[in-house]
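Peer 1: Quick one, fold the following:
(3 chains)
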Amino acid sequence: MNKILYILIILFGASCINQAQNLERQKVFADSLFNSENYFDAITEYKRLQFFSEASENYYEINMQIALCYKAGGKYDDAIKYFNLAKLIAKSSEESRKIELQIIRTNILRRTIPEALVLLNKLDITNTNYLDFSTISYWKGWAYLMNDDWEQASNEFEKIDKFHPLKILADGVCNKKYSVGFAKFISFVLPGSGQFYTGNYVSGVFSLGWNILWGYVTINAFMTDRALEGILVGSLLWTRFYRGNFQNAEKFAIKNNNEISNNAYEYLANKYLGEKP
Amino acid sequence: MKRYLKVNLLILSILFSIVAISQLLAQTEKSNIFSDKNRLAFGNYLFCEHDYLRAVDEFSAVLKNSWNDTLQFKIAESYARMQQFNQAYTEFQKLEEKSALNTQGEYEKLRMLFKSENYSRLQKEVEKSKLISSNNYFHLLRLMNSSMLLSNAQLPPKSSFLYLYEEDDKSKIAEFYNWKQNPPYKSPTKAAIMSIIPGLGKIYANEIGDGITSFILTGLFTYLAVNKFEKQQQSSAWLYTAFAAFFYSGNIYGSVAAVQNYNAGIKFNFDNEIKVFINERNQFLPTPKFLCE
Amino acid sequence: MKKIILVILFLAIYLHAQTDWVRWEKKNMDFRVPVDKIYLIENSQGFSIMSFMQQSYSFLISDLDGDNCPFYPTCSSFFVQSVNETNIIKGTLMFADRFTRDSNIFKSRSHYPKHISGKLFDPIQNYLLTDSTIIFHSREKTVK
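Peer 2: Numbering: from 1, shown residues only, chains lettered A, B, ... in the order given. Modelled structure (predicted):
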């Protein structure tokens, strides 16, 4: 008789903890989906976990995980929304700080750099106790990197360490970059020279050729009293190729600069081993 | 005393076991978060959160175990809300005839055809629909008539077209009807004739800037050609003549094309206005009441 | 106050649930900035006299005379496409019209739809003189 009683008591107890165990199992399931990078389904399971959790104590972590899923899927707007939700229910300043940094990093990835910098500056002023300056400088540096502002980025990384690998990278990019204004200006003075500066020799030669040809035809027309033809050739052809010449110089400089930046970005994405946004 | 205690313990244990087992059963049902009941509850939550794709997954999992027409309807409605009208149509088709939701399902199928702009099929389906003999036939006829304004179907006489609609809508529908019968299109032939004077056809097609440009280009090269012919400079004279002819013929061709594009724009705006009008009235069909918005 | 913010946040999430209306996968890390889209979109197909002419035109003239053409496809590809689609005479007429519209001295071009390349969308299908091929695009949307 007593045995039956014991069994019943154990069953009763088991049924009470069953619910909690099930939620724990659900969390493990959701986490395993997250870890196997199956983010869409992970969100479904986190949402299910949240829906069935009666106590709201898990909500912070669940929202945080959902936000991280969206971030990994490149859905930055949604990620930031869920980070903000998690921030509202954060229990400690440490948790808050963790989320703020995540929001900043997502903004960097979304390339909404002004927003990231405003948030970083706010952190800088208010929370020096929780974060050391190098963390703030590091993410500021990244914000400038992603904004294609390598000089400012170099300055920020220098604050951490004079030989910081990202400072060296940023300096390298700065040195390699072409001056867009200079390319345009020299083409303004001598057609084709901006193209030579940016390494597009064939384009430079042809540009110079067209400008000499149409310049000659235009001037010749005016000299031989064919003013109307002079105006026609001058306005429709010569100015067209002259303008095209310095527009091209500018375009090539920008294109080259983009390539230089993209090479650096490729390195950052694939080879750089430090923390990334 | 001992016997008394034994009996008492027996009663106590029976009572206790009843409580414990019922509790256990309730808990297992509640705690298995993948049970049908819980999946349904979670699916409904997702549906109301506008997370339709996930809701469909939950509903489908429940449907596999037991058929439920409300759920089938919700699945179809989820696709409709995700703008996947063809898939929604297929899902609405799965509702059985004897289902209480069958009538609404029929309405929704027609709504899907309208939203996917499949007007000719919509008109055919309304004509053969069983609902046409019911009391609510005017819903269907209103939608069918309105869809005719958007397709190439032959319109019925004005009075029989208009009488179906509510008083408030009649004047606007009459306006649409008149437009459809006599659209304010411009004539491509007229444009071609007008462009004998370079640019005039373009101006007629509302392309004033293009018209003036065309006039200047043709005029300039004609002047140069004449000038060269007068000066006996044959080769450059013929070159300028070729340019003048190039722009002149292009002007005639372009005027006709410009009028056609102008007309396409007029039709596009007209169709848009009708679509907005019909959608504002929920395609003249009753909307399901039991779903969250 | 916190509650109000929560409500607003929920509302925002509610309205943006569309993200998940199509299944998505993990996004690989890529920080690169997109290169000029125009270069990626226009390619001439195969080798023919027309495409040879177009390529020489691009190399010798349109690459050098600046960014004058506000349209997509550019004038030279418009010409090649027109001739391929119709014949040399009709293609030339279409090109003459396009050239006139291109040199519009008032630059009044608000009635063209925008293309994803940032140019104005002006396909040959709208100038074949057949009503059925004309596609009118909403001016509010960008054509892809």
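Peer 1: ok, now which ones touch the closest residue to chain C within the stretch 151-293 of chain B?
Peer 2: Closest to chain C within the stretch 151-293 of chain B is B:Gly250: 2.4 Å, counting by Cβ to the nearest Cβ. C-beta here means a position set from N, CA and C on the backbone, and glycine is covered the same way. B:Gly250 makes contacts with B:Ser214, C:Leu93, C:Met94, C:Phe95, C:Ala96, C:Asp97, C:Phe99, C:Thr100, as judged by Cβ atoms under 8 Å, 6 or more residues apart in numbering or on different chains.
Peer 1: Find the nearest non-adjacent residue to the fourth one, please.
Peer 2: Going back to what we said before, that points to C:Phe95. C:Phe79 (4.3 Å; Cβ to Cβ, 6 or more residues apart in numbering or on different chains).
Peer 1: does B:Tyr52 really touch C:Thr19, like I thought?
Peer 2: No. In this structure, B:Tyr52 is not within contact of C:Thr19 by Cβ atoms under 8 Å, at 11.7 Å.
Peer 1: quick one: which of those two has more around it?
Peer 2: B:Tyr52 (24 against 17; other Cβ atoms under 10 Å in any protein chain shown).
Peer 1: Next one: the closest residue to that one other than its chain neighbours from C:Asp20, what distance?
Peer 2: Spatial nearest neighbour of B:Tyr52, chain neighbours left out: B:Ser78 (3.9 Å); criterion: Cβ to Cβ, 6+ apart. In this view, B:Ser78 and C:Asp20 are 12 Å apart by Cβ to Cβ, to the nearest Å.
Peer 1: do B:Thr241 as well
Peer 2: 65 Å.
Peer 1: Helices along chain C, start to end?
Peer 2: C:2-15, C:37-41, C:49-57, C:75-85, C:88-102 (DSSP state H).
Peer 1: who in chain B is up against chain C?
Peer 2: Residues of chain B lying close to chain C by Cβ under 8 Å from any Cβ of the partner chain are B:49-54, B:82, B:207-210, B:212-214, B:216-217, B:246-247, B:249-251, B:253-254, B:256-257, B:260-261, B:263-265, B:267-268, B:272.
Peer 1: just to revisit the earlier point, between B:Thr241 and C:Asp20, who's got more neighbours?
Peer 2: Under the criterion of other Cβ under 10 Å, the comparison of B:Thr241 against C:Asp20 puts C:Asp20 first, with 24 against 17.
Peer 1: What mean pLDDT does the helix or strand harbouring the residue nearest to B:Tyr52 get?
Peer 2: If you go by DSSP states H and E, B:Ser78 is part of helix B:69-81. The average pLDDT within helix B:69-81 is 93.
Peer 1: so where does the residue of the stretch 101-250 of chain A at minimum distance from chain C fall, helix or strand?
Peer 2: Going by Cβ to the nearest Cβ, chain C is nearest to A:Gly244 of the stretch 101-250 of chain A, at 3.0 Å. Using DSSP H and E, A:Gly244 falls within helix A:239-270.
Peer 1: That helix near chain B anywhere?
Peer 2: No. Shown here: helix A:239-270 not in contact with chain B (Cβ under 8 Å from any Cβ), separated by at least 15.4 Å.
Peer 1: buried sites along that helix?
Peer 2: For helix A:239-270, the buried set under the neighbour-count rule, 16 or more other Cβ atoms under 10 Å in any protein chain shown, comprises A:240-242, A:244-253, A:255-258, A:260-262, A:264-265, A:268.
Peer 1: For the helix holding B:Ser78, which outside residues touch it?
Peer 2: Counting by Cβ under 8 Å, 6+ apart, B:40, B:43, B:47, B:50, B:52-53, B:55-56, B:59-60, B:62-63, B:85, B:87-88, B:91-92, B:94-96, B:99-101, B:104-105, B:108, B:111-112, B:115, B:288, B:290-291 sit against helix B:69-81.
Peer 1: re the thing from before, give me the buried entries from the residues of chain B next to chain C.
Peer 2: B:49-54, B:82, B:207, B:209-210, B:212-214, B:216-217, B:246-247, B:249-251, B:253-254, B:256-257, B:260-261, B:263-265, B:267-268.
Peer 1: So which of these are in strands?
Peer 2: Among those, none falls in strands (DSSP state E).
Peer 1: Tell me the helices and strands packed up against the very next helix or strand once past the helix holding B:Ser78.
Peer 2: Note on helix B:69-81: by DSSP H and E, the next helix or strand toward the C-terminus is helix B:85-93. Other helices and strands packing on helix B:85-93, by 3 or more Cβ pairs under 8 Å, 6 or more residues apart in numbering or on different chains; DSSP states H and E, are helix B:69-81, helix B:102-115.
Peer 1: between the first one and helix B:85-93, what angle do the directions make?
Peer 2: Same thing as helix B:69-81. 170 degrees (axes from the mean of the first three to the mean of the last three Cα atoms, to 10 degrees).
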